[in-house]
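Novice: Here is a sequence with its predicted model. Questions after.
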Amino acid sequence: MALKFKAEQKRYDLAEADLERARKKLSLAAGAGQTREIARYEDGGRLLENQTGAVLLQSPIGRAEATTLKTHRVSLPQHVARLIDRRETRMGGSDSERTFLLLRPVGTLLLSSHPTFVWQTVKDAVKYTVKVLDPDSHPVAEATVEQTEWSLPSSVVLDSSTVYTWSVAARDNDDKPIAEAPRYWQARFQILGSEEALAIERLRGRYAASHLLSGIFYANQGLLDDAEREFTAHLAANPSDPMARKI
């Protein structure tokens, strides 16, 4: 993974020269009235298209982000695919009213080594037992809380090379489980190594002024929860943006 992120950073740096050429082309084309604006972003950047269908960039963004803006598709890293289970991450018993969802982290990489786990409220539940499990289903951390979220204690150290899962059991006043995980589980996550996290920290600053571009950047890196947060913020400020909804 470390080599991949180094290559990614080099690719982003090399893209700057391409972007400069694109901006020069944009200036010439705009003067001739041959472009149309596809999208405008919070950082002042614009995405334009000329009469031949070529996309011209007027914003300092990386090639992966430019591709997403053009195709409306995110390119997830290959190592993220194993974290995503296409089946719905749902738990519960026979009572459909007591079925609930794990909200985050689910199927994502994480920058934080001590994430906060969040899930839905369960009717009649007074407390919840949360477990973080290793690949052999051995508990790495466990807690019983009254809220619908719990942060991993600083005393627990997670391995960045390991894919973890987590589960929640909702309990009533008699400490009886009223909704809990099945034997198999889908809520997977993985912590980024320090070198990979540092590489992302260096790169993400270029998009700090744009929730949309930040969301695309995070998604392309496999940080899907961070991407969702940025997309939500962008849509709150730009509810009619069709491109963001397509992505």
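Specialist: Here it is on my side, so go on. Numbering: from 1, shown residues only.

Novice: Any idea how many residues pack against residue 217?
Specialist: 25 (other Cβ atoms under 10 Å). For the C-beta atoms, the positions are set from N, CA and C on the backbone; glycine is no exception.

Novice: what about the host helix or strand of it, distance to the chain center?
Specialist: In the assignment (DSSP states H and E), residue 217 maps to helix 211-220. Helix 211-220 has its C-alpha centroid displaced from the chain centroid by 8 Å (Cα atoms, centre = their mean, to the nearest Å).

Novice: Alpha carbons only: can I get that helix in PDB?
Specialist: Only the C-alpha atoms of helix 211-220 are listed here, as PDB (Å, rounded to 0.1, in the frame of the first residue of the first chain):
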ATOM      1  CA  HIS A 211     -16.500  19.900  -0.200                       C
ATOM      2  CA  LEU A 212     -17.300  18.300  -3.500                       C
ATOM      3  CA  LEU A 213     -13.600  17.900  -4.600                       C
ATOM      4  CA  SER A 214     -12.700  16.700  -1.000                       C
ATOM      5  CA  GLY A 215     -15.400  14.100  -1.200                       C
ATOM      6  CA  ILE A 216     -14.200  12.800  -4.600                       C
ATOM      7  CA  PHE A 217     -10.600  12.800  -3.300                       C
ATOM      8  CA  TYR A 218     -11.600  10.800  -0.200                       C
ATOM      9  CA  ALA A 219     -13.700   8.300  -2.200                       C
ATOM     10  CA  ASN A 220     -10.900   7.700  -4.700                       C
END
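
Novice: helices and strands around the helix or strand that that helix is followed by, which ones?
Specialist: Once helix 211-220 ends, the next helix or strand along the chain (criterion: DSSP H and E) is helix 224-237. If you count contacts as 3 or more Cβ pairs under 8 Å, 6 or more residues apart in numbering; DSSP states H and E, helix 224-237 packs onto strand 108-110, helix 211-220, helix 242-246.

Novice: What mean pLDDT does the second one get?
Specialist: The average of the pLDDT scores along helix 211-220 is 90.

Novice: what angle separates it from helix 224-237?
Specialist: Helix 211-220 and helix 224-237 are oriented at 160 degrees to each other (axes from the mean of the first three to the mean of the last three Cα atoms, to 10 degrees).

Novice: which parts of stretch 169-188 are buried?
Specialist: By neighbour count on 16 or more other Cβ atoms under 10 Å, the buried set for stretch 169-188 is 169, 170, 171, 178, 179, 180, 181, 185, 186, 187, 188.

Novice: what about the helices in this structure?
Specialist: Along the chain, counting by DSSP state H, helices occupy 2-31, 63-71, 194-204, 211-220, 224-237, 242-246.

Novice: rewinding a little: reformat the helices and strands packed on helix 224-237 as a markdown table; add distance to residue 80.
Specialist: Formatted as a markdown table, the helices and strands packed on helix 224-237 follow (distance: least, Cβ to Cβ, whole Å):
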| stretch | distance to residue 80 |
| --- | --- |
| strand 108-110 | 6 |
| helix 211-220 | 10 |
| helix 242-246 | 21 |
